[in-house]
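In: model this:
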Amino acid sequence: MSLINVNSETLKINESGSVTGNIFFESSGFNFPEMLWFDFPVRLIGWWIDQFLCALKENSSEFEFWFMEGAFKVSFKAAGIHQYVVKFIDRGKIEKILFEDKVCIEEIKTALIDCGQAILVKLEEKDISCDDKNILESKLRELSNQSL
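Out: Numbering: from 1, shown residues only. All right, here's what the predicted structure looks like:
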């Protein structure tokens, strides 16, 4: 499994025109928020690419990926050359780190690109069109051209 996983078979457009589907993180056997988590994967991958690119461009040592549904976030903090400590956090009533691991920067970039491309392929197959799709295509091009 990849760091970020999307079950593209679950993608569908809701009444408000947003694409929903199954999206979650997997790190050393830990699934976050959970393997069957449903959210807005097209929008999330776009936001997460923005956060990742911003951190790279600003040479920032920290960045976060938030989910739209629930009180969940994934926090990344530099821990050496091209290495990050990743924390999976439940921001319920009391913020709690549920799991912590290390990942390399290339793994983050690859996961974002792979998920984004899988989403776009499935949206084409299902003939789903939305503004978020066009935005995601643009962000994926930018990320693909970004050196680490």
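In: so which residue is smack in the middle of this protein?
Out: For the chain, Ile45 is the residue whose C-alpha lies nearest the centre (CA atoms, centre = their mean; 4.5 Å).
In: test my guess that that one contacts Asp114.
Out: No. In terms of CB atoms under 8 Å, Ile45 does not count as a neighbour of Asp114; the distance is 10.0 Å. In this view, the C-beta of every residue, glycine as well, is placed from N, C-alpha and C.
In: got any residues that touch both of the two?
Out: Ile4 (CB atoms under 8 Å, 6 or more residues apart in numbering).
In: correct me, but Glu137 touches Leu120?
Out: Yes. In this structure, Glu137 is within contact of Leu120 by CB under 8 Å, at 6.3 Å.
In: now Ser61. Nearest residue, chain neighbours left out?
Out: When the adjacent residues along the chain are set aside, Ser61 lies closest to Ala78, with 3.8 Å between them (CB to CB, 6 or more residues apart in numbering).
In: what pairs with the one you found across the strands?
Out: Residues in a beta bridge with Ala78, per DSSP bridges, are Tyr84.
In: mind listing the strands for the protein?
Out: Along the chain, counting by DSSP state E, strands occupy 4-13, 19-27, 30-32, 38-39, 62-66, 72-78, 83-90, 96-104.
In: would you mind finding the most buried of those strands?
Out: Comparing the strands of the chain on average neighbours per residue, with mean count of other CB atoms under 10 Å, the densest one is strand 19-27 at a mean of 21.
In: and that strand, which strands flank it?
Out: Checking strand 19-27 against DSSP bridges gives partners strand 4-13 (antiparallel), strand 30-32 (antiparallel), strand 38-39 (antiparallel).
In: state the mean pLDDT of that strand.
Out: The pLDDT scores in strand 19-27 average 96.
In: how about stretch 2-13?
Out: Predicted confidence along stretch 2-13 averages 93 (mean pLDDT).
In: return the distance of that stretch from the chain's centre.
Out: 11 Å (CA atoms, centre = their mean, to the nearest Å).
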